[in-house]
Each structure stands twice: as structure tokens, then as C-alpha cells.
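K.L.:
Structure for the following, please:
(chains A, B and C)
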Amino acid sequence: MPELPEVETVCRALSPVLEGAILQDVVIRQFSLRFPVPPNFHEKLVSRRIVKVQRRAKYLLIELDDGGVIIGHLGMSGRMTIYRVGDNVPLPGRHDHIDFKVVSGDLVRFSDPRRFGLMILTEAGILKEHALIKNLGPEPLNPDFTGAALADRLKGCKSSIKSALLDQRKVAGLGNIYACESLFRSGISPNRRAKNVQGIRAIKLMQAVQSVLTEALEAGGSSIRDHIQPNGKLGYFQKCFQVYGREGAPCPTCNCDWLVTGGIKRIIQAGRSTFYCPRKQR
DNA sequence: CTTTGGGCCTGGACGC
DNA sequence: TGCGTCCAGGCCCAAA
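P.N.:
The predicted structure is shown next:
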């Protein structure tokens, strides 16, 4: 499911429930995720107080009062569901891998049918050096990540700009959907070499990235396939997609005759689908 | 060093 | 209804 806006939505939903809460029990039903859930996961968490819930790139970071940190990732199909005290908590299904129960009676359930997600432990003091964290690029919604900074990071990069946007070392948090949408908004061809996205193009791209992510966040993320917010509401940014998943549809902004042009194209780059308008994007 | 492609998993959509 | 095929928002890792 989740790219930056979806993970941020999850993070914002979890924060008021978990921050300050003491973990009463952690039930692990499935240890086999992208990386195994560590054997001491339960022991390290129970009776600890959660002090902070944060996001870095597409990772959730849940910090404990003893300096422990849970690194969580939702993979492609991961979901967090919040049950407030008194809510009816359904019996766990086969994909409900971990329950975090806090003393107030609230419960957070991690589910992930495809098990590409992960839930592991580290320590706050060494978090920044953790293999999963240390190579992450800057956060695109950080205001000091400018077009010039992006251009600098793309220097010498021989891959396509589309593939570069998916590289978490260059920009953290973009996935296939928001990479496609950002390129469309900025009028840049996904096939352009990344190193040639400089100057005004890089500025426009960075503005597009930030506006797409901000609007998606305001919509509660995109609900395609099974992504829903932890409160059960559907995000609705998928209604705003201009190219993603719209192969053959007329381009929403150029008034070319789409019966002639064929409208939005789908191509494969580095094994991933890219959607774009060849007329608007150069 | 950089870049690409395979693989990890399951479920849903589609064609026959 | 059932079966096979293809596809999916991510990321690690081996290979080129």
C-alpha cells in the first residue's frame, strides 16, 4: 500500500493513541515477515511506555522509554487498525500478525497479507546508523529540500528520472504512484536521464513532489486495493490521480485529440509500470 | 561504484 | 464455478 502520505496518515493516527501509553501485551502470531520479528520482541515491549511515534521515509519509528525503537514498515499490503477501548475487536484473521495492547484498553493491530512489511527492534542511540535508515535521502516535505538540492542529488545519475525518484537514497518516501504523478505535474518525461533534470526542471519537479504529497496527505492518502486509514476511513487521493492507473484515458490537461494520441501511456521502467502523457511530458 | 532484474508473498481481476 | 495467468503501492540482494 503505502507511500509517504499513507505512512504519515498512519503515523498521525497512531500518535495520540500510543504516545504516553504503556504496553500491556504484544501478541505475535506470525514471526515470518520480510525480516523475522525478533524473538525478544514481546519481552522487550511489554510494560514499556511509548514516548514517540514518528515517520522516516516509509518507516514507522516507535520509540520506547528505555531507548528501544520499533522499526516498522507496511510493505505493500500492511495496515494498522486502531480499536479504542470498548470497541468490538474482531477475532484475529490469518493476516493479523501482531496486536499491540495498551493499558487503557486500546489496541493497535498490524495486518499484512503479503508479509512484505516488517517489525524489528533497535536502539535510539544507533537508529541513524541502522542499515535500513542510514542511506535514506532527505524528506521531500522538509522545506529546506529545494529544487537545487534535488538537482545536486541527481548529478551523475544515469538512470531515468522515474527510477531515480523511486530510489530512497535520493528522495525518501516516494513510491510508484507519487513518482508518476509528480513527473506529470512538472511536465517531465519519465524517460529523461536523471542527471539532465537540473535548474528550472528540478525546481518544478520538487514543487510538484511537494504539492502532490501535501494534497495526498490532506486527502488521508490514497485508498487503492486495501489501504485504509487506521480509523477505518478511506483516503480519497486516488480520485485525484491524473496518470497513475489511467492507461488509454485522455490526458487531463492537454487538449490533444486522444483518439489520435491514445492518451495516457503505460511503459515499464526498471520492472515497474510508469504512466505518463508523452505530449505533455518532455 | 551504479543499475537492473529476480524474488519474496497473497489476493484480486481477468480470460477461458 | 473453477482454473490459470497476470498484476500489485516496496525493498533486499545478487549479478552485470
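
K.L.:
Name the nearest residue to A:Leu4, ignoring sequence neighbours.
P.N.:
A:Gly173 (3.2 Å; CB to CB, 6 or more residues apart in numbering). Just so you know, the C-beta spots here come from the backbone N, C-alpha and C atoms, and that holds for glycine as well.

K.L.:
Which residue ranges of the stretch 1-150 of chain A form helices?
P.N.:
A:4-18, A:41-45, A:147-154 (DSSP state H, counting those that start in this stretch).

K.L.:
any idea which of those is most buried?
P.N.:
Comparing the helices of the stretch 1-150 of chain A by mean neighbour count (mean count of other CB atoms under 10 Å), helix A:4-18 ranks first with a mean of 22.

K.L.:
just how off-centre is that one within its chain?
P.N.:
From the chain centre to the centre of helix A:4-18 is a distance of 11 Å (CA atoms, centre = their mean, to the nearest Å).

K.L.:
Could you list the contact residues of chain A toward DNA strand B?
P.N.:
A:32, A:34, A:77, A:94-95, A:113-116, A:157-160, A:163-164, A:167, A:194, A:225, A:270-271 (CB under 7 Å from any atom of the strand).

K.L.:
measure A:Gln281 to DNA strand B for me?
P.N.:
18 Å (CB to the nearest atom of the strand, to the nearest Å).

K.L.:
Please name the nearest non-neighbouring residue to that residue.
P.N.:
A:Ser189 (4.5 Å).

K.L.:
Could you check how far that neighbour is from A:Arg282?
P.N.:
5 Å (CB to CB, to the nearest Å).

K.L.:
Could you do A:Arg34 as well?
P.N.:
38 Å.

K.L.:
neighbour count winner among those two?
P.N.:
Per other CB atoms under 10 Å, whichever of A:Arg34 and A:Arg282 has more neighbours is A:Arg34, with 15 against 10.
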